[in-house]
Structures are given as C-alpha cells and as structure tokens.
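Asks: Fold the following.
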Amino acid sequence: MLTGIDHIDIAVDDLNLWTSFFEAIGFSVIQRTDHGGGSVELKFPGTDRPFLELTSTSRPDGTKHPAGFRHIALQSQNMEQTFAELTARGIKIDRPPRRNAQSGRMTMNAHDPQGKGLTIQFVD
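Replies: Predicted coordinates for the structure are as follows:
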C-alpha cells in the first residue's frame with residue numbers, strides 16, 4: 001500500500017533565506033510554486049525522494065501558517081485502496097483522494113490522533 005516518504009513540508013517565515021540556507025548545505029531547487037502562499041521544493045543531496053518542501057508562512061488570504069513542521073507525505077501506489085484500508089482501520093481522512101490542480105497528483109490527508117493540527121499526507 002505505502003511505498004515510502006514522498007516529501008516533508010516545513011513552513012518558514014523567509015522563503016528565500018531558508019532556500020539559500022539549504023542550497024548552501026547541498027540541496028538543490030527542483031521547482032518554485034505559488035502553492036500555499038509560495039513554496040520551494042528542494043532535492044536532498046544524493047537522492048530524488050524524499051524531497052523537502054519549504055512553504056511560506058504567509059497565506060494568500062493574508063493569514064499565516066505557524067512556522068515549523070507542516071506535514072510528512074507518504075507515497076501510495078493505489079490511493080483508492082489506501083483510502084479504503086485506512087478508513088477501515090479507523091483513521092480519519094479529511095476527504096477521499098482528489099487530484100491536486102497544481103501538482104496533478106492524487107492527494108488526501110489524515111490528521112494526528114491528538115488533534116494538534118499535524119498532518120500526514122498521502123500522494124500517488
């Protein structure tokens with residue numbers, strides 16, 4: 001069902017500063033997007049997956065994400081099967097898998113068991 005870590009998302013106050021920092025320690029930029037108020041995907045040194053996503057704390061609607069860990073995304077070979085198996089196990093998924101307009105990938109999210117706002121994302 002799950003095949004590994006796809007990416008880790010961290011919200012940062014200064015996207016350019018943090019991008020430069022990770023580039024200086026050996027990461028390389030994969031792409032920049034408008035996702036979540038602006039984000040940069042960075043390749044870890046020596047591997048294609050997982051990748052690190054830095055997301056701006058400033059949202060398009062003027063509100064702010066808290067700085068820090070946003071989510072970890074796990075790869076799934078079959079999103080519908082993953083959705084069915086996780087919900088059968090009592091894992092609360094926010095919605096069935098859907099295609100993300102920006103990435104073109106199928107995604108869905110589960111939230112932490114304590115309700116603290118942490119997210120586990122699943123992607124194809």
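Asks: contacts, neighbours, all on C-alpha from now
Replies: Noted.
Asks: From the chain's centroid, how far away is the longest strand along the chain?
Replies: Identified as the longest strand of the chain according to DSSP state E is strand 2-12. Chain-centre distance of strand 2-12: 5 Å, with C-alpha atoms, centre = their mean, to the nearest Å.
Asks: residues of it that come out buried?
Replies: For strand 2-12, a neighbour-count test (16 or more other C-alpha atoms under 10 Å) marks 5, 6, 7, 8, 9, 10, 11, 12 as buried.
Asks: Need the residues that contact that strand.
Replies: The contact list for strand 2-12, computed with C-alpha atoms under 8 Å, 6 or more residues apart in numbering, reads 18, 49-57, 65-77, 82, 123.
Asks: I'd like the next helix or strand past that strand.
Replies: helix 15-24 (DSSP states H and E).
Asks: could you give the angle of that following helix to strand 2-12?
Replies: On the basis of axes from the mean of the first three to the mean of the last three C-alpha atoms, to 10 degrees, helix 15-24 is oriented at 130 degrees to strand 2-12.
Asks: What mean pLDDT does helix 15-24 get?
Replies: Here helix 15-24 scores 95 as its mean pLDDT.
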